[in-house]
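Novice: using only what follows, build the 3D model:
(one chain, ligands or ions: 1)
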Amino acid sequence: MSINIPRGTKDILPGEVEKWQIIEAKAKEISARFNYKEIRTPMFEHTDLFQRGVGDSTDIVQKEMYTFTDRGDRSLTLRPEGTAPVTRSYVENKLFGLAGQPIKLYYIAPMFRYERPQAGRYRQFVQFGIEAMGSADPAIDAEVISLAMSLYKELGLKKLRLVLNTLGDAESRKTHKEALIAHFEPSIGEFCSDCQNRLTKNPLRILDCKKDRDHELMKSAPSIIDHLNEESKVYFEQVKTALTEMNIDYALDPTLVRGLDYYNHTAFEIMSDADGFGAITTLSGGGRYNGLVEDLGGPPTPSIGFAMSLERLLMALEAEGITLDTEDVLDCYVVALGDDAKRKSVSLLNELRQAGIKSDKDYLDKKMKAQFKAADRLKAKFVAILGDEELAKGIINVKNMQSGEQTEVRLEELSSFIKQGK
Ligand code: HAM
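Specialist: Numbering: from 1, shown residues only. Okay, the predicted model is just below:
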């Protein structure tokens, strides 16, 4: 019996992987342009990190984590997201003590969530994310959003919608929380058991419930916007002004609460409005998390970031009919005929490769015609044909596959000839 791939995961085969390489390279190039440096953290962390960082009452922690006990009896979890691990690393490595704050970081890394798989939702997916740690300047909120938008736009996406909200500061959230409890408490019996648990722990999460989203009390729930204190209002205005000055359009949505507990102030999601993108329209999400560094044992450090999955980015490109240039060509294919020539072709190929020439040969003992066919399939620019007779004379015939022109080249000059022509 054969063994299949686990549900919600996928293989990325040659032919598809080139698209990934292009968008990964683009993400790295844009991060460098905005002066973000790469960080790599482990694939698994202590489970406590996510319970404390992402939040005990979130769906991620309650239902979606791949948690296991290792042989030393420790509870570990495959990371479901990157912000808590990066924050842990920022605290543990005392990055807050470095000159040059804010520390601006990015990652491209696999994340794991036990979710119900569907288009755009996987159990292993790759996030490109950034975290700007150590600044409370609203201009950096706009910078983070602009970086995400730039990646999408530069890859050619047009049907984008930026949705913006504020969750306010701790004081605003406290008054909002009280208002939410007062709103839901009298009818909480009509809600699912998760929501009943959320009521006192974290009533904001009720607004995020997938089961009860059509309950009439959801629509009339008190909005954070009506509970913002002056400071939070001013902060939000400054973020909006910075976005307007950067010509970034946005739509306000006071119901955008995000599914992780660490957020305050700015929260945003970028959606795809492309036909055929599917039921899940969120391309990326992020926001400010001013309290997380302190919660994980560091000094007060206002921070903001976002993450997007590359899977959803590729889906959006497809939905908008954008193709990435993945054409792969070979500089030279060596065709060998005869036993001596075949033996020689091994070292010849080695020389070509050492000279930096992308080259290959046949390994299936094919006839000449089939070897030419293979060269065609690999889109070889040159085919170098070596027979025993040529070998005896120390020459090789090189065919330029575009012009059809054939040249006799001395064996020791093959590399320089191909280099000139490629
Ligand atoms: P998140 O909204 O949970 O936020 O995930 C961010 C993005 O990851 C989503 O918008 C989506 O593109 C992708 N994503 C999430 N789950 C899946 C899945 N099951 N399959 C495919 N893609 C998925 C965070 O993870 C935060 N750490 C973002 C952040 C960074 N906030 C501040 N800094």
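Novice: list the contacts for Glu408?
Specialist: For Glu408, the residues meeting the contact criterion (Cβ atoms under 8 Å, 6 or more residues apart in numbering) are Ile395, Ile396, Asn397, Val398. Glycine gets a C-beta too; all of them are placed from N, C-alpha and C.
Novice: pretty sure it is in a strand, no?
Specialist: Yes. According to DSSP: H, G, I helix; E, B strand; the rest coil, the state of Glu408 is that of a strand.
Novice: quick revisit: list only buried entries from the contacts of Glu408.
Specialist: Neighbour counting by 16 or more other Cβ atoms under 10 Å classes Ile395, Ile396, Val398 among the contacts of Glu408 as buried.
Novice: and which of the residues you listed is nearest to the ligand?
Specialist: Val398 (48.0 Å; Cβ to the nearest ligand atom).
Novice: isn't the closest one right up against Ser416?
Specialist: No. Look at Val398 against Ser416 with Cβ atoms under 8 Å: they stay out of range, at 11.5 Å.
Novice: re earlier: state the pair within the contacts of Glu408 that is farthest apart.
Specialist: Using Cβ to Cβ, the pair of the contacts of Glu408 lying farthest apart is Ile395 and Val398, separated by 9.7 Å.
Novice: joint contacts of these two?
Specialist: With contacts taken as Cβ under 8 Å, 6+ apart, the residues that reach both Ile395 and Val398 are Glu408, Val409.
Novice: at the contact with the ligand, which residues of this structure appear?
Specialist: Taking Cβ under 6 Å from any ligand atom as the test, the list of the chain residues beside the ligand reads 81-83, 113, 115, 120-122, 125, 127, 129, 131, 259-260, 282-287, 289, 305-309, 311-312.
Novice: which ones among these lie within helices?
Specialist: With helices defined by DSSP state H, the entries of the residues of the chain next to the ligand inside them are Thr83, Glu311, Arg312.
Novice: identify the residues contacting the second one.
Specialist: Contact partners of Glu311, counting by Cβ under 8 Å, 6+ apart, are Gly120, Tyr122, Phe125, Val126.
Novice: redo that, cut-off 6 Å
Specialist: Phe125 (Cβ atoms under 6 Å, 6 or more residues apart in numbering).
Novice: the residue of the chain at minimum distance from the ligand pairs with what?
Specialist: With distances taken as Cβ to the nearest ligand atom, the chain approaches the ligand most closely at Gly305, which sits 2.7 Å away. On the basis of DSSP bridges, Gly305 takes part in beta bridges with Glu131, Gly287.
Novice: contacts for stretch 265-272 next, please.
Specialist: Counting contacts by Cβ under 6 Å, 6+ apart, the residues outside stretch 265-272 that touch it are 141, 145, 148, 159, 161-167, 235, 239, 256, 258, 281-285, 287-288, 316.
Novice: mean confidence score for that stretch?
Specialist: When pLDDT is averaged along stretch 265-272, the result is 97.
Novice: can you list the buried residues in it?
Specialist: For stretch 265-272, the neighbour count (16+ other Cβ under 10 Å) marks His265, Thr266, Ala267, Phe268, Glu269, Ile270, Met271, Ser272 as buried.
Novice: tell me the SS of Arg40?
Specialist: Per three-state DSSP, Arg40 ends up coil.
Novice: give me the number of residues near it?
Specialist: Look at Arg40: counted by other Cβ atoms under 10 Å, it has 11 neighbours.
Novice: which ones are touching the residue of the chain closest to the ligand?
Specialist: Gly305 makes contact with Thr83, Ile130, Glu131, Gly286 under the criterion Cβ under 6 Å, 6+ apart.
Novice: swap in 8 Å and give it another go.
Specialist: With contacts defined as Cβ under 8 Å, 6+ apart, Gly305 is in contact with Thr83, Val86, Gly129, Ile130, Glu131, Ala132, Val144, Gly286, Gly287, Tyr289.
Novice: can you give me the helices for the stretch 51-200 of the chain?
Specialist: With DSSP state H, counting those that start in this stretch as the definition, the stretch 51-200 of the chain shows helices at residue ranges 59, 83-92, 138-154, 170-184, 193-201.
Novice: highest mean neighbour count out of those helices?
Specialist: The densest packing among the helices of the stretch 51-200 of the chain, expressed as mean neighbour count by mean count of other Cβ atoms under 10 Å, is seen in helix 83-92 with a mean of 23.
Novice: now do that helix: which elements does it pack against?
Specialist: Here helix 83-92 touches strand 44-46, helix 47-53, strand 103-112, strand 124-133, helix 292-295, strand 303-309, going by 3 or more Cβ pairs under 8 Å, 6 or more residues apart in numbering; DSSP states H and E.
Novice: what's the average pLDDT for that helix?
Specialist: Helix 83-92 comes out with an average pLDDT of 98.
Novice: same check, this time on stretch 101-114
Specialist: Along stretch 101-114, the predicted local confidence has a mean pLDDT of 98.
Novice: now do the buried residues in that stretch.
Specialist: Going by neighbour count (16+ other Cβ under 10 Å), the buried part of stretch 101-114 is Pro102, Ile103, Lys104, Leu105, Tyr106, Tyr107, Ile108, Ala109, Met111, Phe112, Arg113, Tyr114.
Novice: stretch 288-299 now?
Specialist: Going by neighbour count (16+ other Cβ under 10 Å), the buried part of stretch 288-299 is Arg288, Tyr289, Asn290, Gly291, Leu292, Val293, Leu296, Gly298.
Novice: quick check: nearest residue in space to Leu151, chain neighbours excluded?
Specialist: Distances taken as Cβ to Cβ, 6 or more residues apart in numbering put Ile30 closest to Leu151, at 5.3 Å, once the chain neighbours are dropped.
Novice: for the buried ones among the contacts of Glu408, which one is nearest Cys209?
Specialist: Looking across the buried ones among the contacts of Glu408 and measuring by Cβ to Cβ, the closest to Cys209 is Val398, at 67.9 Å.
Novice: tell me the contacts of the closest one?
Specialist: Residues in contact with Val398, defined by Cβ under 8 Å, 6+ apart, are Phe382, Val383, Ala384, Ile385, Gln406, Thr407, Glu408, Val409, Leu414, Phe417, Ile418.
Novice: and it, which of the three is it?
Specialist: Assigned state for Val398: strand (three-state reduction, three-state DSSP).
Novice: that one pairs with what?
Specialist: For Val398, the beta-bridge partners are Ala384, Thr407 (DSSP bridges).
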